[in-house]
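**Q** Take a look and give me a structure for this.
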Amino acid sequence: MLCGGTHPAVPATDEIQKICDSVKSAAEQKAGKTYDVFTAKSYTSQVVAGTNYFIKVHVGGDDHVHLRVWKKLSHTGGELELSNMQHSKSHEDPVEYF
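**A** As a prediction, the model looks like this:
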């Protein structure tokens, strides 16, 4: 991975699911709805003063959302922040920088 660039999307790991679980309520608030299903499917990341994660999340039926989650550097607390969210995505839509 290049510093500042993203790597090709790969299947989500347990760590990525934990990130999704921690920002689920923020995603629901941003979307204005609740999700019964919130399963990380794939992701890519970008290293920039922390790490941006771009995550494809299955939210039920054929629906997916894409999340951009920023993990701050550990010396600044390492907190997670939902930076942005894209709605109305499908399983086929590539997860990429946004």
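
**Q** the strands in the protein, which residues?
**A** 10-11, 39-47, 51-60, 63-71, 80-89 (DSSP state E).

**Q** What's the local residue count around the closest residue to residue 40 other than its chain neighbours?
**A** Here the nearest residue to residue 40 in space, its sequence neighbours aside, is residue 12; by Cβ to Cβ, 6 or more residues apart in numbering that works out to 3.6 Å. (Each C-beta comes from the backbone N, C-alpha and C, glycine too.) Using other Cβ atoms under 10 Å, residue 12 has 21 other residues around it.

**Q** per-residue confidence at the residue lying farthest from the centre of the chain?
**A** In terms of distance from the mean C-alpha position of the chain, residue 75 ranks first, at 22.0 Å (Cα atoms, centre = their mean). If you check residue 75, the pLDDT there is 76.

**Q** Tell me the spatial nearest neighbour of residue 52, not counting adjacent residues.
**A** residue 46 (4.3 Å).
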